Structures are given as C-alpha cells and as structure tokens.
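Colleague: the sequence and its predicted three-dimensional model are supplied below.
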Amino acid sequence: MPSEQEIRDLVRQVLDDAGEQAEAPSSPTPSPEPRAAAASPGQTVAVGADHGGFELKERLAGFLQELGYQVRDCGTFGADSVDYPDFAHAVAKLVAEGSCHWGIVVDGAGIGSAMAANKVPGVRAALCYDLSTARNSREHNHANVLTLGAGLIGAGLARQIVQTWLETPWGPGRHARRIDKIREIEKRYLRGAGGRRENG
C-alpha cells in the first residue's frame, strides 16, 4: 500500500508530465531526451569522473543510491591519471541516447567536462558551483548533465548541489523558446556536417 506522500508525489508527477506535453513544441527534437519534470527516485543517473574527481564521484554515487536513484558508473575506478573527456563523453552519450535520465561528471574544476559533454548532440551540460546555479541550470536551461569541480567545492556542498539539481523541475513557458533556439543552433551545425552524429 503506497504511503500518502508517495501518492502525492505520483499525482504531482502526472500533473508535471501533462503540463510538459501541453508546452511541447510540435516539431520533433533530433535526439531522445530525459523527462523534463523533476526527477524522482528510481530513475537512472550516469556518473563519471577523472582521477581528480574520483573520490567525490564515489561519494556522490553512494548518496544518489541513498536517495533512491539507480546509478550507472562510467568510471574512472581509481586514482590513476586519466583524461576527463573520455568520461564526460561516456556519461553524455548515455543521457543523449536516453539510457539514463541524468548525468553527473566530476573533474578538478568541472569546466573541461562541461565542454566535452556539450559536444554530444542533445546534451545540455552545466557547471554548477552553488545552489543558485543548480536551480537556474535546471529551471531556465533544461540542463540534463551536471558537472562539478572537486577541487573547488567540498563533499557536503556537492551533495546539496546534486540534490537541488535533481529535484528542480524544468520550468517551460518563456524558457522553452530559448531552449528551442539552442536546439536550432545545434541542428544547424549538424546539417552543416552532413547530419553526421557523434554519439558513438
């Protein structure tokens, strides 16, 4: 028997989904995307890190599981030196193809991973360093990948950022027009490359 809170959460989710369908653009998007509403426990989050973010990634993976999320770990799995684009790409690819609802990538500063992840069509990666940027990136920018700098924030703040980011719903309305323009820019350059996709 579901609890009262679970029933309320389910009703909220159904209403959010219905609102998104009403706001959705009529033309199809070029790639599958995670649900636009706030995430709920049980959804899958892809995580990845280079050697500089390995320890924080491990802590965040455990934290996500405590919150009820399924975690798909893309590595790295130790402190040996590796290249952050490999892990940012692995996470972004899972999000773009729809295998995971969200992605989180950790490196020393979070900047390079955001750059790499944003090369994957359909990904909107955001580097967040406080709760305001976490909320803004979801509500205004429909971010589906979060990048963090392990050398810039502590584990406690990282957990707060992750939870805030996952629980903040996408706020369509006026923001949807701007996200559509981001998609149009992406499509323009994909067409310019002969429509070739770089997901593999």
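Modeller: Perfect, I can see it now.

Colleague: following element in sequence after the least confident helix or strand in the chain by mean pLDDT, please.
Modeller: Across the helices and strands of the chain, mean confidence by mean pLDDT, DSSP states H and E is lowest for helix 4-23: a mean of 47. Sequence order places strand 44-49 as the next helix or strand after helix 4-23, per DSSP states H and E.

Colleague: now for that following strand, which elements pack on it?
Modeller: Helices and strands touching strand 44-49, by 3 or more Cβ pairs under 8 Å, 6 or more residues apart in numbering; DSSP states H and E, are helix 54-67, strand 70-73, helix 84-96, strand 102-107. C-betas here are computed from N, CA, C, even on glycine.

Colleague: which one of the ones you listed is the most hemmed in?
Modeller: Neighbour counts (mean count of other Cβ atoms under 10 Å) averaged over each of the helices and strands packed on strand 44-49 peak at strand 102-107, with a mean of 30.

Colleague: now do the buried residues in the helix or strand following that strand.
Modeller: Counting by DSSP H and E, the next helix or strand C-terminal to strand 102-107 is helix 111-117. For helix 111-117, the neighbour count (16 or more other Cβ atoms under 10 Å) marks 112-114, 116-117 as buried.

Colleague: in TSV: the helices and strands packed on strand 44-49, plus distance to Gly173 and mean pLDDT.
Modeller: TSV is the format used below for the helices and strands packed on strand 44-49 (distance: least, Cβ to Cβ, whole Å; pLDDT from 0 to 100):
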stretch	distance to Gly173	mean pLDDT
helix 54-67	28	97
strand 70-73	30	98
helix 84-96	24	98
strand 102-107	22	98
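
Colleague: and the host helix or strand of Glu184, C-alpha only, in CSV?
Modeller: Per DSSP H and E, Glu184 falls inside helix 174-192. The C-alpha coordinates for helix 174-192 follow below in CSV (Å, rounded to 0.1, in the frame of the first residue of the first chain):
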residue,chain,number,x,y,z
ARG,A,174,9.3,31.6,-21.8
HIS,A,175,12.3,29.4,-21.2
ALA,A,176,11.1,26.8,-23.8
ARG,A,177,11.5,29.3,-26.6
ARG,A,178,15.2,29.8,-25.7
ILE,A,179,15.9,26.1,-25.4
ASP,A,180,14.4,25.7,-28.8
LYS,A,181,16.9,28.2,-30.1
ILE,A,182,19.7,26.2,-28.6
ARG,A,183,18.4,23.1,-30.4
GLU,A,184,18.2,25.1,-33.6
ILE,A,185,21.8,26.2,-33.4
GLU,A,186,22.8,22.5,-32.7
LYS,A,187,20.7,21.3,-35.7
ARG,A,188,22.2,23.9,-38.0
TYR,A,189,25.8,22.7,-37.3
LEU,A,190,24.7,19.1,-37.6
ARG,A,191,23.3,19.8,-41.0
GLY,A,192,26.5,21.6,-41.9
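
Colleague: centre of the chain to that helix, how far?
Modeller: 18 Å (Cα atoms, centre = their mean, to the nearest Å).

Colleague: buried residues, that helix. List them.
Modeller: Buried residues in helix 174-192, counting neighbours by 16+ other Cβ under 10 Å, are found at 176, 179, 183, 186, 190.
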